[in-house]
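Undergrad: the sequence isn't on hand, but the structure is:
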């Protein structure tokens, strides 16, 4: 029977003792490394150009860099230990009824997303002087010693917001200018068309009557009779051209018969001139509108038919107008080649731009799209809110 071997434990004892002696040294090394990492992070935050604030779950400020202190008009020491609510008031963190995202700490506070990135949030800051200013920031969280620490990076967007508001004002002014110019243009068209019809039209009609009387009472030679006949033909041509020009400026049917009658006349003229079948689906009783709406709808349909004749290569067009509650729905559908996506945003597409401006001036919605699949062509959908007296 062999004897037990006690050499193994004796050999392991010195190794265990050496390991126990090195543990304090390893701990000190790890602690020093962690300290250097903490100091490095602190230096990065301290020298960062953006405002950076760190808080605990109760939103007590643990750290703030000089950029944050300068942004809020205070000092780093004054921010340390203060509540975040002092600089970003809680009641200003969710503005309006827009969607809120993300919990911030354990307080249940939400921040409203409004930034350029998904992680950006828009809030309102409060300077030490009491001045409010817009901020945009992002939030990140990490665990330190079992506690959650939130790091907030903030940017002052006062200049950007002012520029955005200035652009909105400029855009609104351009819209108002466009609407005013369209109104002035329609009034000028109406005035010129009336002048052409009432003055020049009457003169041509009187001239033709006098020429007819001359032909009846005179005893012209064959040569003079031929001249008189040519003169009568020229006068008839001039009267026809005058009516066409005046009609293009302002269709008399729109003033004499209303929108439905004007659209029927436009449809007939379009079919005769271009040979493209046009079907008008509308109820005359639903198209009893004031001059502003009647003119806008007529011009939209007119411009749409013009574009179809020039570009669509279509054979059939359907124009439908229907009232739905207090709105008027207009749809124009053709079976042509279909509009290209790139054509809708061309700077030279003044016809489409004019249609959009007319719709927007009446606070309506317009959608222009090309049909896919077997049903080719282009479809224009317009929805206009009707005034209270017409609804």
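TA: Nice, I can see it. Predicted model only: the values in this text are computed from it and were never measured.

Undergrad: how about the strands in the stretch 251-391 of the chain?
TA: For the stretch 251-391 of the chain, the strands defined by DSSP state E, counting those that start in this stretch cover 277-281, 316-324, 327-334, 365-370, 378-385.

Undergrad: residue ranges of the helices in the chain, please?
TA: 7-47, 66-71, 76-79, 158-195, 201-217, 222-249, 252-256, 259-274, 291-307, 341-344, 350-361 (DSSP state H).

Undergrad: mind giving me TSV with these and columns for mean pLDDT, mean neighbour count and distance to residue 321?
TA: In this view, the C-beta of every residue, glycine as well, is placed from N, C-alpha and C. Output for the helices of the chain, formatted as TSV (pLDDT from 0 to 100; neighbours: other C-beta atoms under 10 Å; distance: least, C-beta to C-beta, whole Å):
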stretch	mean pLDDT	mean neighbour count	distance to residue 321
helix 7-47	58	10	64
helix 66-71	91	19	57
helix 76-79	92	16	64
helix 158-195	86	12	20
helix 201-217	87	13	31
helix 222-249	88	13	21
helix 252-256	85	16	15
helix 259-274	93	17	8
helix 291-307	92	20	7
helix 341-344	72	12	23
helix 350-361	86	18	14
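
Undergrad: okay if I get these as CSV plus distance to residue 60?
TA: Below are these laid out as CSV (distance: least, C-beta to C-beta, whole Å):
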stretch, distance to residue 60
helix 7-47, 17
helix 66-71, 15
helix 76-79, 11
helix 158-195, 27
helix 201-217, 85
helix 222-249, 73
helix 252-256, 71
helix 259-274, 68
helix 291-307, 60
helix 341-344, 54
helix 350-361, 50
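
Undergrad: so which of these gets nearest residue 325?
TA: Nearest to residue 325 among the helices of the chain is helix 291-307; the distance by C-beta to C-beta comes to 15.9 Å.

Undergrad: residues contacting residue 60?
TA: By C-beta atoms under 8 Å, 6 or more residues apart in numbering, the contact set of residue 60 is 81-84.

Undergrad: my error: substitute residue 227 in the last question.
TA: Shown in contact with residue 227 (C-beta under 8 Å, 6+ apart): no residues.

Undergrad: one step back: which stretch in the strands of the stretch 251-391 of the chain has the least confidence?
TA: When the strands of the stretch 251-391 of the chain are compared by mean pLDDT, strand 365-370 comes last with a mean of 90.

Undergrad: contacts for it?
TA: By C-beta under 8 Å, 6+ apart, strand 365-370 touches 338-341, 344, 352, 355-356, 359-360, 377-383.

Undergrad: residue 285 and residue 194: what is the separation?
TA: 28 Å (C-beta to C-beta, to the nearest Å).

Undergrad: could you do residue 134 as well?
TA: In terms of C-beta to C-beta, residue 134 sits 54 Å off from residue 194.

Undergrad: kindly report the same for residue 236.
TA: With C-beta to C-beta as the criterion, residue 236 and residue 194 are 22 Å apart.

Undergrad: if we can go back for a sec, between the helices of the chain, which one is nearest to residue 144?
TA: helix 7-47 (9.5 Å).

Undergrad: quick one on the thing from earlier: residue 149: which of the strands of the stretch 251-391 of the chain is closest?
TA: Judging those by C-beta to C-beta, what sits closest to residue 149 is strand 365-370, at 48.0 Å.

Undergrad: strands paired with that closest one, and their directions?
TA: Strand 365-370 has its sheet partners listed here by DSSP bridges as strand 378-385 (antiparallel).

Undergrad: buried stuff in the lengthiest strand in the chain?
TA: Across the chain, the longest stretch assigned as strand under DSSP state E is strand 132-144. Neighbour-count burial for strand 132-144 flags 134-139 (criterion: 16 or more other C-beta atoms under 10 Å).

Undergrad: make CSV out of those and add pLDDT and distance to residue 63.
TA: Listed next are the buried residues of strand 132-144 as CSV, based on pLDDT from 0 to 100; distance: C-beta to C-beta, whole Å:
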residue, pLDDT, distance to residue 63
134, 89, 24
135, 88, 18
136, 85, 20
137, 82, 15
138, 83, 17
139, 84, 15
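
Undergrad: and those, which is closest to residue 364?
TA: So of those, ranked by how close each gets to residue 364 (C-beta to C-beta), first place is residue 134, at 32.3 Å.

Undergrad: wait, that closest one sits on residue 157?
TA: Yes. Between residue 134 and residue 157 there is a contact at 5.1 Å, judged by C-beta atoms under 8 Å.
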